[in-house]
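In: Sharing a model prediction with you, sequence too.
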Amino acid sequence: MNRLDYISLFTKKVIGSISAKEADQLTEMSNDPNSKAEIKILQKIWDASANYSPEPSFSVSEAFQKFKKDQIVQSVDSTKIKSKFYRTFILGALAVVAIVASLLFFFNNHPKTLNYRYNGFHWSRIPVSTS
């Protein structure tokens, strides 16, 4: 006897979708002396499941406490984040202004070395005198 076949036929019988041929096959398997051990195991499982009554209990506060304990929850002061962001932003803006100002100063005061001058719209090449 194949255990899976027996379980499949037994399940069909419990559900009520077993055919006459399958019912006869199940009866033959049940009467087989070699399958008595399998039947006893299934009977123990069936009896144990009859006494099972699921009663789930949920407690939101306990679940939240467990979540809080499992996770690292850090409260960060939002003013510290804002002040650090603004300080970084202002330092970055000052650095950009300083670089642009120094480049403009350099390009406007050294035309002979670079041969370019900004005329208000674009950089243009200026002729260099060889004298």
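Out: Perfect, I can see it now.

In: helix/strand/coil for Pro54?
Out: Following DSSP: H, G, I helix; E, B strand; the rest coil, the label given to Pro54 is coil.

In: Begin at 31 from now on, thanks
Out: Will do, 31 is the new start, and the previous item becomes Pro84.

In: Look up how far Lys74 lies from it.
Out: Remark: distance between Pro84 and Lys74 (C-beta to C-beta, to the nearest Å) = 20 Å. The C-beta positions use only the backbone N, C-alpha and C, and glycine is treated the same way.

In: residue contacts, Ile37?
Out: Taking C-beta atoms under 8 Å, 6 or more residues apart in numbering as the contact definition, Ile37 lies against Leu72.

In: try Ile48
Out: 39, 42, 56.

In: Which elements pack onto the lengthiest helix in the chain?
Out: Determined from DSSP state H, the single longest helix within the chain is helix 108-139. Here helix 108-139 touches strand 146-148, going by 3 or more C-beta pairs under 8 Å, 6 or more residues apart in numbering; DSSP states H and E.

In: And the average pLDDT for the strand it packs on is what?
Out: The average pLDDT for strand 146-148 rounds to 64.

In: ok, now stretch 132-142?
Out: 73.

In: okay, and the helix or strand of this protein with the least pLDDT?
Out: Every helix and strand in the chain was compared by mean pLDDT, DSSP states H and E; the lowest is helix 141-144, with a mean of 54.

In: still on that earlier bit, buried members of the contacts of Ile48 into ChimeraX, please.
Out: Listed next is the ChimeraX selection for buried residues among the contacts of Ile48, using 16 or more other C-beta atoms under 10 Å:
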select :39,56
